[in-house]
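J.: curious how this folds, go ahead:
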Amino acid sequence: MPRFTRHLLLSALLLTMVASPTLRAQDRATDKDAKSADKDKPADSTSSKDKEESSVTDHTLKLAGQTIPYKATASTTLLKNEKDEPIALIYSTAYVRTDTKDVAQRPLSFIYNGGPGSASLWLHMGAFGPRRVVTANAEPTPPPPYKLVDNNGTLLDKTDMVFIDPVGTGFSHAVGKSQDKDFWGVDEDVKSLAQFITTYVNRNNRWNSPKFLIGESYGTFRSAALGNYLQQRDGMYLNGIDLISSVLDLGTIAFHTGDDTPYILYVPSYAVTAWYHKLLPNRPENLDAFLQEARQFAQTEYAAALMKGSRLSSPEKAEIAKKLARYTGLSEDYLIKANLRVKLFQFMEELQRARGLTTGRLDARYTGFTYNLLAENADSDPQSDAVTGAFTAVFNSYVRDELKFGQDKPYHAISSGVGNSWDWKHQNGGYGFPGSPNVEGDLVQAMLTNPHLKVEVENGLYDLATPFFATEYTMEHLGLPEKLQSNIALKYYDAGHMMYVREEDLNKLKANIAAFIDSAAKP
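T.: Numbering: from 1, shown residues only. Just a heads-up that it's a prediction; the model follows:
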């Protein structure tokens, strides 16, 4: 509490103590009348806890020989329901270049991470914000103090940026009669972010600016549904959607009993992981050629064998196990015992078991110590463990020190309870029984409605969370007309889910998305 405020409160207390009994009796009578009158007053629909907050700071950044002046706005935006009642405060950090002559020509990008249950600090502090945290590549980052530096990978020279934290993450939370869990669902999430985006565009007069959605992981799932929602409901057409570490059909990574699709789609990712850790017999030198072989094997011989199910004979199983071992680095014996079907967390535990190491999920280049060498499944993700402390600490310092926001507020980088409470139902116009959550139809509808919409997909080769072959399969099975299919481009990186933690790939990611924005923003 500020010293001046404390002084006023103390003075008021002293005055009350020395007041005469008569005055104190009059005060009690007045208080009683006031309380009675308050009962008759209509309740204020917006309490002090529901108020928007904002901090605006000015900065400059030297980037590629130019000095970029920009305004950073750390703020909360109030959402309301159809009855005009407050329901949530959404936290965002907006970076707007201040020397722009014509704002209608300046692209605007809305950026978020995934989870569900993750705040946007990963893309904010790792990839595209004007400042970024420095982490070790493919190994654990040492504890604090961490290093915060100007970010050569920022997109600020190409687009204004708004980083969004969905309800229940970051500083965002429900207000009024609502609860955080009211926003935890595919459609609920889309609706709340759409309202935030339209509010931002309205307040800042950005309707005519080229607009982009940039999401990572579940953020890509969100982007497909959100992009379609904005276009269909609000008439807000987009120039482009960038999908970083993408999954649009969660069935491709779910390993449901009776569905062999994920096993097929994971083979090339298992192969590149085993190749990286030098666990392949007769390890090939040409990785690209090897991965093309792995793709071919997965979708032909391996897929045909799995399709036979229990009709596959023992000799056939042994033959496929021998070939699968060549691509995955797992023993033939292990593969036969697994019935040729190895789930992700089994692979993470088994691949380097002999070394006493667990392989990373978000980035398979990372490894961590295995505590229980008899465990069937990995119980942690070494990549997540390696960087979470650095990202969390640096953002918490940055938002308070440089953006001057949230001094007394906890920032929730990851809200673990969100995923378990998430409502996966999605109204996407499909028929029949509900299956795995899928937003492919949303992306298709968005591209049919807006045939100029461009889509770029960023794939980390060492990403075991959203494997690149599954993304290729998804993009090739959208059923789009040939002309619209050409609006989709796929890019690849020699890192994992968060490819930007590898500096070479941060620079490559910047170059690719910058070119994407330039192309899609042209009239």
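
J.: sticking with residue 330, tell me its helix or strand.
T.: Using DSSP states H and E, residue 330 is not contained in any helix or strand.

J.: shouldn't it be in contact with residue 342?
T.: Yes. Using CB atoms under 8 Å, residue 330 is in contact with residue 342, at 6.6 Å. C-betas here are computed from N, CA, C, even on glycine.

J.: then the longest strand seen in the chain to CSV, C-alphas only?
T.: For the chain, the strand with the greatest residue count under DSSP state E is strand 66-80. Extracted C-alpha coordinates of strand 66-80, given in CSV (Å, rounded to 0.1, in the frame of the first residue of the first chain):
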residue,chain,number,x,y,z
GLN,A,66,16.8,-0.1,-38.8
THR,A,67,15.5,1.4,-35.6
ILE,A,68,11.8,0.5,-34.9
PRO,A,69,9.8,2.6,-32.5
TYR,A,70,6.9,0.8,-30.9
LYS,A,71,4.3,0.9,-28.2
ALA,A,72,3.7,-2.0,-25.9
THR,A,73,0.3,-2.3,-24.3
ALA,A,74,-0.1,-4.8,-21.5
SER,A,75,-3.8,-4.9,-20.6
THR,A,76,-7.0,-6.7,-19.8
THR,A,77,-10.1,-6.6,-22.0
LEU,A,78,-13.5,-7.1,-20.5
LEU,A,79,-15.8,-9.6,-22.2
LYS,A,80,-19.6,-9.5,-21.8
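
J.: so what's residue 66 up against?
T.: Residue 66 makes contact with residue 157, according to CB atoms under 8 Å, 6 or more residues apart in numbering.

J.: any idea how far residue 510 is from it?
T.: Residue 66 sits 15 Å away from residue 510, going by CB to CB, to the nearest Å.

J.: what is the burial count for residue 120?
T.: Residues near residue 120, counting by other CB atoms under 10 Å, number 30.

J.: centre of the chain to stretch 145-157, how far?
T.: Centroid separation for stretch 145-157 versus its chain: 19 Å, with CA atoms, centre = their mean, to the nearest Å.

J.: residues touching the residue most central in space within the chain, list them.
T.: Among the residues of the chain, the one closest to the centroid is residue 113, at 1.6 Å (CA atoms, centre = their mean). The neighbours of residue 113, taking CB under 8 Å, 6+ apart as the test, are 119-123, 215-219.

J.: can we see that at 6 Å?
T.: By CB atoms under 6 Å, 6 or more residues apart in numbering, the contact set of residue 113 is 120, 122-123, 216, 219.

J.: before we move on, what about residue 356?
T.: residue 370.

J.: circling back: which one of the contacts of residue 113 sits closest to residue 480?
T.: residue 219 (21.9 Å; CB to CB).

J.: neighbours of that closest one, how many?
T.: 28.

J.: now swap in residue 339 and tell me
T.: Residue 339, neighbours per other CB under 10 Å, totals 14.

J.: three-state assignment of the residue nearest to it when sequence neighbours are not counted?
T.: For residue 339, ignoring the flanking residues on the chain, the nearest one in space by CB to CB, 6 or more residues apart in numbering is residue 317 at 8.0 Å. Of the three states, residue 317 takes helix according to DSSP: H, G, I helix; E, B strand; the rest coil.
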